[in-house]
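Q: I would like the atomic coordinates for the input below:
(2 chains)
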Amino acid sequence: MADEIIHQSMRLKIMSSLNVLGRSDWLEFTRLKAILETTDGNLGAHLETLSKAGYIQIDKRFEGKRPQTRVRATAAGRRAFADHVAYLRGILDQPTD
Amino acid sequence: MTIDPHEADALLKGVEGVEKRTREFVVYTRAGDYMILWGVLWALGYAFGDALSPYTHAYWLTLDAIGIAGTCLLIWRTARCIEPGRRRVIVVRPLIAVLVMMGFGMLWVWLAHFGGREQSAFWPTLCGALLFCFGLWAGRTLSIAAAVVIALTMAGYFWAGPWFDLWLAVTTGGALILGGLWLRR
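A: A predicted model of the protein is given here:
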C-alpha cells in the first residue's frame, strides 16, 4: 500500500538518501541539500513532515560556534521506505492490458 | 491514492539517482580521508627522506607504519557503521585489493632492483593506478585525481632532474591532500 507521507517526490528522495547510510550515520543538512539540489526552505519543510511521522530524527547542535543540523532515518522510516519502494515496483510489475 | 506505472517508473528512477549521488558522497568523503592521510605522509617522506640519510629507510618504514595504522583506524571506523552483510563488498574487497597491490609492489621492488628514482616514481604510479580503477566503480572524480597524481609523478620523473623527490613531496603529496580536501568539501 502507498505511504502518503513518503510518496511526495522530495520526501521520497530524502528517504532514499538517508536509507543508503548506515543505521547510526547522520547526514548534514547542507550535504543533503546539495545531494537533492533543493533549497533550504523546501528541504526544511519536508524534513519537518518526515520527523513528525517518526521517519527521521533531526539533531540540532553546535560544531564549535557554527550551528549544525543533521538528520538520519529511523527504523520505522527505513521500513516505510522499503515498503513504499516495493509498492512502486509492484505497480511496474503488473501486467498491462 | 492511485499511482500509474509512468509515475511509479519516474519516482523509482528518481530514487536510483539520489541513491547513486549519496553513495558517491559517502565514498568521496571516506576516500578523501585516506588521500589526506597518505598525502601528508608522502609529502613528509619525499621532502625529508634524502636529508635524513643514512636513516632514510627507517624514516620511510616509520611513515609507512603510521600510514598503515591510520588506514586500519579509518577502515575500522567505516566498518563500524556498515551492516555486517555489506562489509564484504564495502570493506573486505577493497582491503584485499590494497593488500594485493602492496604485495605486488614489494615483490617487484625486490625482483627488479629499481634505482632510487625509479622506486620513488613506482609507488605513486602504482597507488594511482589502483585509485584510478577504484574510481571506475566508485565515481570518476577519484579516477581524475589518480590520473593527476600519475601525470605529475611521470612529469617529475622525466623533467624534475635532481629535484625529483622534492617535486613528489610538493606535487604528488600536495595533489593527494588537495584532492582529499576537495572530495570532502
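
Q: burial measure for A:Gly77, as a count.
A: A:Gly77 has 23 neighbours, counted by other CB atoms under 10 Å in any protein chain shown. For glycine as for every other residue, the C-beta is placed from the backbone atoms N, C-alpha and C.

Q: which one is it nearest to, not counting chain neighbours?
A: Of all residues not flanking A:Gly77 in the chain, A:Tyr55 sits nearest, at 3.2 Å (CB to CB, 6 or more residues apart in numbering or on different chains).

Q: list the contacts of the one you found.
A: A:Tyr55 sits next to A:Ile5, A:Ile6, A:Met15, A:Ala73, A:Thr74, A:Ala76, A:Gly77, A:Ala80, A:Phe81 when contact means CB atoms under 8 Å, 6 or more residues apart in numbering or on different chains.

Q: report pLDDT for it.
A: The model reports A:Tyr55 with a pLDDT of 96.

Q: filter the contacts of A:Tyr55 to the buried ones?
A: Using 16 or more other CB atoms under 10 Å in any protein chain shown as the burial test, these include A:Ile5, A:Ile6, A:Met15, A:Ala73, A:Thr74, A:Gly77, A:Ala80, A:Phe81 as buried.

Q: dihedrals phi and psi, the third one?
A: The phi and psi torsions at A:Met15 (degrees, to the nearest 10) take the values phi -70, psi -40.

Q: and the pLDDT at it?
A: For A:Met15, pLDDT reads 96.

Q: show me what contacts the closest residue to it other than its chain neighbours?
A: Nearest in space to A:Met15, with sequence neighbours left out and distances taken as CB to CB, 6+ apart, is A:Phe81 at 4.2 Å. Residues in contact with A:Phe81 (CB under 8 Å, 6+ apart) are A:Ile6, A:Leu12, A:Met15, A:Ser16, A:Asn19, A:Tyr55, A:Ala73.

Q: identify the residue spatially nearest to the last one, adjacent ones excluded.
A: With CB to CB, 6+ apart as the criterion, A:Ala73 has its nearest non-adjacent residue at 3.9 Å, and that residue is A:Leu18.

Q: tell me which element the residue nearest to A:Met15 is part of?
A: According to DSSP states H and E, A:Phe81 maps onto helix A:75-93.

Q: mind listing what's buried along that helix?
A: In terms of neighbour count (16+ other CB under 10 Å), helix A:75-93 has its buried residues at A:Gly77, A:Arg78, A:Ala80, A:Phe81, A:His84, A:Val85, A:Tyr87, A:Leu88, A:Ile91.

Q: pLDDT for these - can I get that in TSV?
A: Below are the buried residues of helix A:75-93 laid out as TSV (pLDDT from 0 to 100):
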residue	pLDDT
A:Gly77	95
A:Arg78	95
A:Ala80	95
A:Phe81	95
A:His84	94
A:Val85	94
A:Tyr87	93
A:Leu88	92
A:Ile91	90
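
Q: now A:Gln68. Its backbone dihedrals?
A: The phi/psi pair for A:Gln68 (degrees, to the nearest 10) is phi -140, psi 130.

Q: pretty sure it contacts A:Leu27?
A: No. A:Gln68 is not in contact with A:Leu27 according to CB atoms under 8 Å; the separation is 11.3 Å.

Q: more crowded one of those two?
A: A direct count of neighbours by other CB under 10 Å for A:Gln68 and A:Leu27 places A:Leu27 higher, at 21 against 14.

Q: in three-state terms, label the closest residue to B:Asp33 other than its chain neighbours for me.
A: Of all residues not flanking B:Asp33 in the chain, B:Leu74 sits nearest, at 5.4 Å (CB to CB, 6+ apart). Using DSSP: H, G, I helix; E, B strand; the rest coil, the structure places B:Leu74 in helix.

Q: separation between B:Leu74 and chain A?
A: Note on B:Leu74: its distance to chain A, by CB to the nearest CB, to the nearest Å, is 15 Å.
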